[in-house]
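[1] Have a look; sequence and predicted model below, questions after that.
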Amino acid sequence: MQVFHSDAHIQHAPPFEIFDGGEKIPNFESPERMERILAALRSSGNFEILPPEDFGLTPILAIHDQGYLDFLASAYAEWMQEPTPYEKSALIPATFPPGGWRNHIPTSVLGKAGYYVMDLAAPIAAGTFSAALASANCALSGAAALAAGSRAIFALCRPPGHHAGRANCGGYCYLNNAAIAAQWLSRHGNVAILDIDYHAGNGTQEIFFSRADVLTISLHADPNEEYPYFAGYADETGAGAGLGFHRNFPLPLGADDALYLQTLSQACELIRAFAPQALVVSAGMDIYGEDPLGRIRVSREGISQIGKMIAGLNLPTLVVMEGGYNNDALGKNVVAFLSSFPA
């Protein structure tokens with residue numbers, strides 16, 4: 001299987017995040033994640049690791065707002081120029097607008113950060129924007145390979161993307177890699193996105209919520225109990241032309257292999273009925289039972305079975321890397337998932 005990956009991800013290395021309850025901790029979404037995955041892929045011997053092409057900003061602007069991209073590109077440099085005594089290793093806002101307060105985009109960098117950043121888990125560091133662009137290009141390169149006739153491709157993206165909305169970052173995500181790839185593929189016919197990350201793909205949901213040409217499905221921990229809390233509920237099924245073309249499958253905490261696979265089977269039936277030309281999978285390995293940020297209990301064998309069920313759809317499939325934070329197990333889990341797909 002071909003794998004698209006860029007070493008530019010190393011440029012995104014925020015030294016901290018603000019965790020639940022306000023604790024300042026080392027960033028879970030670290031460069032080490034990619035090192036572990038790459039080591040496992042190379043050890044397997046079944047993967048060809050390739051650099052991505054540069055697709056420019058046009059396919060990214062098909063998904064993301066121009067003002068938001070301008071902010072991501074300039075935020076760190078603006079923050080460094082601020083004459084304040086605050087720590088400046090990364091930019092994290094302290095003020096977020098509640099509903100109805102988004103009529104003005106402030107001119108100050110902290111004001112813009114509050115406007116465009118959803119939470120405290122998306123710090124913007126020196127190389128964040130360049131790493132995010134490279135990550136999106138990995139997904140786009142995978143999409144182009146599918147369009148050229150490949151049956152299964154892995155985009156080893158970092159930073160991940162599925163929490164990034166049209167004009168916001170959050171949850172370690174800055175550009176929505178899966179959405180950008182799906183939009184590119186939608187030129188060739190209908191596309192389905194299947195999100196199996198532990199957390200609801202709220203950014204992907206927002207981007208395609210009113211569209212009927214991209215079916216979006218997310219299996220995830222119940223948002224009553226887990227991030228992103230305000231999206232991912234079963235009654236969110238699309239709007240306007242997109243009504244019925246988005247489905248959420250919230251799972252109870254502690255869900256095991258059997259329940260996950262039973263739910264995934266329902267999602268796969270929806271994809272078969274939609275009959276897309278291509279499938280994009282937002283693959284988060286934080287469903288693994290020993291992940292530090294997850295409370296769903298899927299085993300490695302369960303992850304392998306998930307891969308087999310998705311591969312059984314027999315669709316041209318682009319797998320896009322999302323979460324997964326047990327670094328000791330991450331590479332083995334990724335290989336277990338990908339090994340079900342054709343080369």
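    Yep, that arrived.
[2] what's the distance between the closest residue to H163 other than its chain neighbours and A39?
    Here the nearest residue to H163 in space, its sequence neighbours aside, is G171; by Cβ to Cβ, 6 or more residues apart in numbering that works out to 3.5 Å. Using the backbone N, CA and C atoms, a C-beta is placed for each residue, glycine as well. According to Cβ to Cβ, to the nearest Å, G171 stands 26 Å off from A39.
[3] So between those two, which is more surrounded?
    G171 (27 against 12; other Cβ atoms under 10 Å).
[4] just checking, that one touches P123?
    No. Using Cβ atoms under 8 Å, G171 is not in contact with P123, being 11.6 Å away.
[5] now the biggest helix by length in the chain: mean pLDDT?
    Ranked by number of residues, the top helix in the chain under DSSP state H is helix 128-147. Helix 128-147 shows a mean pLDDT of 98.
[6] ok, now stretch 296-303?
    Taken as a whole, stretch 296-303 has an average pLDDT of 98.
[7] to the chain's geometric centre, what's the distance from it?
    The chain centroid and the centroid of stretch 296-303 are separated by 20 Å, computed with Cα atoms, centre = their mean, to the nearest Å.
[8] what's the straight distance from one end of it to the other?
    One end of stretch 296-303 to the other measures 12 Å (Cα to Cα, to the nearest Å).
[9] same deal with stretch 40-54?
    Terminal residues of stretch 40-54 lie 26 Å apart, using Cα to Cα.
[10] So which residues make contact with it?
    Contacts to stretch 40-54, defined as Cβ atoms under 8 Å, 6 or more residues apart in numbering, come from residues 1-6, 38, 134, 137-138, 140-141, 144, 154, 156, 330-332, 334-335, 338-339, 343.
[11] Identify each buried residue in stretch 252-270, please.
    Neighbour counts over stretch 252-270 (16 or more other Cβ atoms under 10 Å) mark 255, 257, 260-261, 264, 267-268, 270 as buried.
[12] what comes into contact with it?
    Residues from elsewhere that reach stretch 252-270 (Cβ under 8 Å, 6+ apart): 194, 196, 215, 217, 219, 221-222, 225-226, 247, 249, 251, 287, 295-299, 301-302, 305-306, 309-310, 312-313.
[13] go on, stretch 297-310?
    For stretch 297-310, the surrounding residues in contact (Cβ under 8 Å, 6+ apart) are 194, 196, 254-257, 260-261, 264-265, 268, 279, 281, 285, 287-289, 317, 329, 332-333, 336-341.
[14] chain center to whichever strand in the chain runs longest: distance?
    Counting by DSSP state E, the longest strand found in the chain is strand 214-221. The chain centroid and the centroid of strand 214-221 are separated by 12 Å under Cα atoms, centre = their mean.
[15] picking that back up, contacting residues around the residue nearest to H163?
    Counting by Cβ under 8 Å, 6+ apart, G171 has contacts 118-119, 121-122, 163, 199, 227-228.
[16] So, low pLDDT: which residues of the chain?
    85 (pLDDT under 70).
[17] for the stretch 151-300 of the chain, what spans make up the helices?
    Secondary structure of the stretch 151-300 of the chain by DSSP state H, counting those that start in this stretch: the helices cover 177-185, 202-208, 257-274, 300-311.
[18] nearest to A62, of the ones you listed?
    Smallest distance to A62 across these (Cβ to Cβ): 5.0 Å, for helix 177-185.
[19] Which residues does that closest one contact?
    Residues from elsewhere that reach helix 177-185 (Cβ under 8 Å, 6+ apart): 55, 59-60, 62-64, 135-136, 138-140, 142-144, 146-147, 155, 157, 160-162, 164, 191, 193, 195, 201, 203-204, 207-208, 214, 277-278, 280-282, 318, 320, 322.
[20] One more pass at 6 Å, please.
    59-60, 62-63, 135-136, 139-140, 143, 157, 161-162, 191, 193, 204, 207, 214, 278, 280, 282, 318, 320 (Cβ atoms under 6 Å, 6 or more residues apart in numbering).
[21] Narrow the residues you listed to just the buried residues.
    Buried members of the contacts of helix 177-185, counted by 16+ other Cβ under 10 Å: 59-60, 63, 135-136, 139-140, 143, 157, 161-162, 191, 193, 204, 207, 214, 278, 280, 282, 318, 320.
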